[in-house]
Every structure is written in C-alpha cells, then in structure tokens.
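Student: turn this into a structure:
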Amino acid sequence: MLRMSWSTFRDRWPVFVGAILSVCLGVALVQSSLLTLVSAATAKVPPGLPPEQERAIRDGYVGAISLLGMTLGLAVFVAVFVVSSTFAFTVAQRRRDLALLRMTGAARGQIRTLLVGEALLLGVLGSAFGALLGVPVMRLQGAMLDSFGFVPAGFTGQWRQWILGVSFGVGIGVAVVGVLAASRRASKVRPLEALREVGAAARVMTASRWVFGLLFLAGSIAMLILVASVGGEAALPLSICSSFTLVTAFAAFAPLIVPLVAAPFGLLFRGRLGVLAHANLRTGVRRSASTAAPIMVLVAFVVGMAGTTGTMTEAGRQEISRDLNADLVLSTDRPARDQVAAVPGVAAVSEESQVSFDLGADDGDGGLEYEGTTGLAVDPVGYAATHRMAVTAGNLADLRGASVAVSPSESGGWRVGDLMPVHLDGGPEQLRVVALLPETVSGPYILLPSDLRRDGPRQYVIRAADPAAAATALAGLGQVMTTAQWVDAYTDDQQQMSTNIMIALMGMAMVYTLIAMVNAVVIAASDRRGEFAAARVTGLTRGQVVGAALAESLGVVAIGVLLGILAAAGTLAGMAAAVRDMIGISVASVPWALGGAVVAVAVIVVATASVLTTLSATRTPAIRLVAARE
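Tutor: Modelled structure (predicted):
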C-alpha cells in the first residue's frame, strides 16, 4: 500500500500542492517561533542598566513570548485545518476509486494505510521545505519583534540542532492528524459503490461531523458566556479562541448550511448560466463547503480579532472620558506641582507618575514568583478631585506610606488589609492593601501613594475655571493638551501593542487562508473536466462554461463571507457583553473598512483561481472527454 501511496501521490500531486505549502509554512513558523521563543526566554538583560530600563526589557521579552506562543497555536491550527480539508475533499472525489480497491480485495485497514502513506509523503516534503524556510523566517521574526519594540536592537533567535527533530515531528504530525478523519471515512466505503455514481453514494453529513460540530459549537457558546464573566485581560484571548472554535463548528456544519444559505441566491442568478451556477452551488455541497471554509476562516479571524481589539480600544476611550473630571493634562520631564497650582484659575490638580516594580504572587510551591508591573503614584486628594472613581472596598484616602490600591484584574485575590509582597527600588518590601479599585479596561490597575514617587517625568491632570487661559500659562512647563486630545493620544499609545500583535497574526492568517482558497478551487476543478465537457456538448461555449463556474465561485465567496461574519459577530457580541459587565459601557467596534478589504481580496483570489482552473480544465476538446468518460 505504501508503494501505491507514492503512485497516487505522484499522479495527483496538484491536489496536494496547497496542503504541502500549508505544512511547509506551518513547519517554518513553528521552527522559527520556537527558536525565537527559547532565545527570548533565556536572554540575559545587560547588567548595569537603570531599574526602569531593565524592567522594560524584561517586559518586552514577556510580550514577545506571548506573541510567539499565539503564533505557534495559530500556525498549527490552520495547518491542520487546511490539510484535513484537503484530504476530506479528495476522499469524496476518490470515493469510486476507493470502492474499486475494496472490490479488488483491499481491506479497510489497507485503505487507511494508503491515505496515511500519502499524508506521510506530504508531511515529509512539507517538513523538508519548511525546515529550510525556517531560518530566514526566524530572521524576519527577530526584525519584526525589534520593530514592534519587544526586544532590543540586534536580537535574533539562536539555532539549536534539536529543532530539526521538532520540525519534522510537527510537519508529519500535522499531516497525519489532518488525514485521520478522512481515512476513517474512506475505510467505510463499500465495494458496491464502485458501480454507482459518486454523488449518489457519498453521504456528506457523517456522524463524526455531527459530533465534532456539536462539541465545538457547545464549546464556543460556553467560551462566549465565559468571556462576559472573566473580564479583564483574559477576555481578549478567550474571545479570539472562541473564533477558532466557532469556525471549526461552522466548517463541520458547512455541508448542511451551504444549501440553506445558497437557496436565496436563485433570486439573483438569472438566465441559463445563472440557473446552472445556482444548481451547481446547491448540489455540489462538498465542493462548495470546502471552498467556502478558508474564506470563512479568513473573515471570521480578521474581522473578529480586529473587532475585539477595536472594541477594547473604544471602550477604554469612553471609560477614560467618563472618569476624567478635568479640563487639561500637562506632561513634564520634572516635578512642577507648585508652579501648576500657582497658575490663576486652577481649581484642582493631580500629580501623577508611573512607577515600575515587581509584584509577588504565589508560585504554587509555597514560594513567591515576582513579575514586573507598573503602578500610578498619586496624591489621593488631588486624584479624587480630578477623577470620578468609586472604590469597591476600603478608602482611597488611606493611600499613604507603604500602601496600595488595586483593581480586580491585578488583585490576585487580595483583600483590604492584606500585605502585598513587592520589590520596589528604595522602597518597602510589602505594601498594605487599603482599597480595591473598580473593574477597568484602560487602567490604572494599581495606585501607589505619592510617598513612593521618584524623580522623573510627571503628568498633571488639571481642572481650571478658564481652560484656555490656564493652557496658555502652563505652556512653558511642558506639553499641554485638552483632556479630549490626551484621551485620544493615550488610547492610541495603549493600542499600539495590540495592533502590532494583530498585524503579525492577521498577516500569517491571510497567507494561510489564501493558499487554502486557491487549493480548494484547484482541487474542485480537477474533478470537473467531465462535467464541463458535458455542458459544452449540450450547447454551451467554453466562455459560457467559464462564466458559469465564475458565478458559482462568487456565490461560494458570498456564503463563506456570511458564515465568517456570523462567527465574528458571536465573538464581538461576547466581547461587548464582557465590556458592559466590567465598566457599564455598551460599545462594539465593527471594522468595516478592513472587512471590506478582506472580502475584496477573497473575491479577487477565488475569481482568478476559478477562471484559470476552468480554462485549464476545458482545454481538451469536449467530445474527447465525454467519449473517455463513456
């Protein structure tokens, strides 16, 4: 059977090109991400740096590790998705061939061995190319992390010999995992099906599709409910994870959903070619579902991720605007409180500065593990006069000496009166919790007393009787902005890291899904030569056949976009509910421009691939193909 696997793989290699590219890209990303992640995790901070700079470098490495971890997960998920879709589609196309093998004596186990052998060949080829591609990808990742500000200049991953074993293990593993479900279904093909037409024998909605679809759908609903309850920083990754599970559920149910969604298209598809395209769209369920799946993944992931980050940003913007009770914000490079307070018309002023320190948490073994964080040092009286904040427990007026106020997302289960272990340069080793702050998406998450403030940059939040006159008087001390201007600048700065992560992940997702789109169209066209020939001998020209196939492809794009939007809408709804429960603000950001661009790319790619593959499939004279078919 392994020799036969090689023969079928060699004869049908165009069908497997997309899957090989997916495995290659997945192996390259896994290899480069692992090497870069290990290098970042073991990197040493140069000695002799100021504490703030040392913590900034450490925090950057932590951010890089988080990004690389998400890259690993996404690469493996999409690679398995594409490979499994490829084999599922090819098994459906080869059902009659597999039945002939059964009729000639092949056992079920031998059929599975045949497909697993093809997957092994696919995995070995993809792993070999991916291992070679991984080195330049690693350099690109290092440059990307540097440009995003995660790592110091000149950082790059270090080569390690063991990575080759991991690369081939991942590539072959992805290919084999992707073929398992398809091989199990192929082994159930009955010998008598060789005497029937493929469409009559193939059952699209199998028991495994129902089971996996229902499991992933239930998991998605559970996660969306959980998003609204966990809140904080956990809401974003959980919301993105729900996109993956929703997409998987919709992909499993696609053969059931596609005919239902395609039914109304009959109102749009007019004329002889339109009727033909609509009929092919509804009857070619497996083909339509396989082509729509990568489009659905692309739309769901890009729109969902961009929408969730946009929702968080807009929620933060509205929250800060709601909680500020001031007119101006002054940024200086040195303390200037007395000068600010002396300006005529200034009614209240809050002096604020960032303080970096290490916060201790239980490591699970009875010890403490310290992680870098940042707090805002304030004077409680001035802060209360310029901010609308009601603590949930304790009293902010007690924020003096060795004390701290924390929000639930940073509290770690702390209660008022607890002692929080910290490493604070020149400060105490413990801080007493005097107040619990309300839930927030924009911060501050930790408030420290002005006693722990250091020399350095300051920010002054000011309420003035005449803001314009006060701004003129304060201009010589530093940069003066209205609160509206400052809110925009602050939220844009806070969004930068999320935007960088989103760009990195979306770029990779788009490359994967574009490969999958072209792959699905090529596989579909490779099995339709006889169908196209039959249409031509009944009176259609070659151009009309191409036009009907193009119309069918555009219908598939529309179905994929609709399902992707539905999955993204579920993700956005979960995030909006989480924000509303956390801070009481109802907001949902829909990335219309980005969504439109993604749809345009999908239309161009699928339409181009459809036209080219249909032209290729109709090069042979129709009568010759029909005669060969008979």
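
Student: contacts, neighbours, all on C-alpha from now
Tutor: Noted.

Student: any idea of the mean pLDDT in stretch 150-166?
Tutor: Mean pLDDT, stretch 150-166: 86.

Student: please state the offset of that stretch from the chain centre?
Tutor: Taking the mean of its C-alpha atoms, stretch 150-166 sits 23 Å from the chain's own mean (Cα atoms, centre = their mean, to the nearest Å).

Student: stretch 400-416 now?
Tutor: That offset, for stretch 400-416, works out to 32 Å (Cα atoms, centre = their mean).

Student: dump it to PDB, restricted to CA.
Tutor: Provided in PDB are the C-alpha atoms of stretch 400-416 (Å, rounded to 0.1, in the frame of the first residue of the first chain):
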ATOM      1  CA  ARG A 400      -0.200  57.000  52.300                       C
ATOM      2  CA  GLY A 401       3.100  55.400  53.300                       C
ATOM      3  CA  ALA A 402       3.600  51.700  52.400                       C
ATOM      4  CA  SER A 403       0.100  51.200  50.900                       C
ATOM      5  CA  VAL A 404      -1.500  50.300  47.600                       C
ATOM      6  CA  ALA A 405      -4.900  50.200  45.900                       C
ATOM      7  CA  VAL A 406      -5.500  47.500  43.200                       C
ATOM      8  CA  SER A 407      -8.200  46.600  40.700                       C
ATOM      9  CA  PRO A 408      -9.600  43.100  40.500                       C
ATOM     10  CA  SER A 409      -7.600  42.200  37.400                       C
ATOM     11  CA  GLU A 410      -4.400  42.800  39.400                       C
ATOM     12  CA  SER A 411      -5.500  41.900  42.800                       C
ATOM     13  CA  GLY A 412      -4.700  38.200  42.800                       C
ATOM     14  CA  GLY A 413      -7.400  37.700  45.400                       C
ATOM     15  CA  TRP A 414      -6.100  40.400  47.700                       C
ATOM     16  CA  ARG A 415      -8.400  41.900  50.200                       C
ATOM     17  CA  VAL A 416      -8.300  45.200  52.100                       C
END
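
Student: for stretch 431-444, what is the average pLDDT?
Tutor: On average, stretch 431-444 scores 90.

Student: kindly report the domain assignment for this protein.
Tutor: 1-203, 236-321+491-630, 334-477 (automatic domain parsing).

Student: the stretch 201-350 of the chain: helices as residue ranges?
Tutor: 207-230, 235-262, 271-283, 285-323, 337-341 (DSSP state H, counting those that start in this stretch).

Student: scratch that, the stretch 501-630 of the chain is what I was asking about
Tutor: 529-537, 542-583, 592-617, 622-629.

Student: go through the third one and flag the buried ones.
Tutor: Residues of helix 592-617 classed as buried by neighbour count (16 or more other Cα atoms under 10 Å): 595, 598-599, 602-603, 605-615, 617.

Student: pull the number of nearby residues for the closest residue to Asn519 other than its chain neighbours.
Tutor: Spatially, and ignoring its direct neighbours in sequence, Asn519 is nearest to Gly18 (4.8 Å; Cα to Cα, 6 or more residues apart in numbering). Residues near Gly18, counting by other Cα atoms under 10 Å, number 24.

Student: I'd say Gly18 and Ala516 touch.
Tutor: Yes. Counting by Cα atoms under 8 Å, Gly18 does reach Ala516; the two are 6.2 Å apart.

Student: quick check: neighbours shared by those two?
Tutor: Common neighbours of Gly18 and Ala516 are not found (criterion: Cα atoms under 8 Å, 6 or more residues apart in numbering).

Student: if we can go back for a sec, of all the helices of the stretch 501-630 of the chain, which one is nearest Leu448?
Tutor: Nearest to Leu448, of all these, is helix 542-583, at 21.9 Å by Cα to Cα.

Student: now that closest one against helix 207-230, angle please.
Tutor: Orientation check (axes from the mean of the first three to the mean of the last three Cα atoms, to 10 degrees): helix 542-583 against helix 207-230 gives 30 degrees.

Student: so helix 542-583 versus helix 285-323, what angle?
Tutor: Going by the same axes, to 10 degrees, helix 542-583 makes 30 degrees with helix 285-323.

Student: sorry, back to before: closest to Trp210 out of the domains of the chain?
Tutor: domain 236-321+491-630 (7.2 Å).
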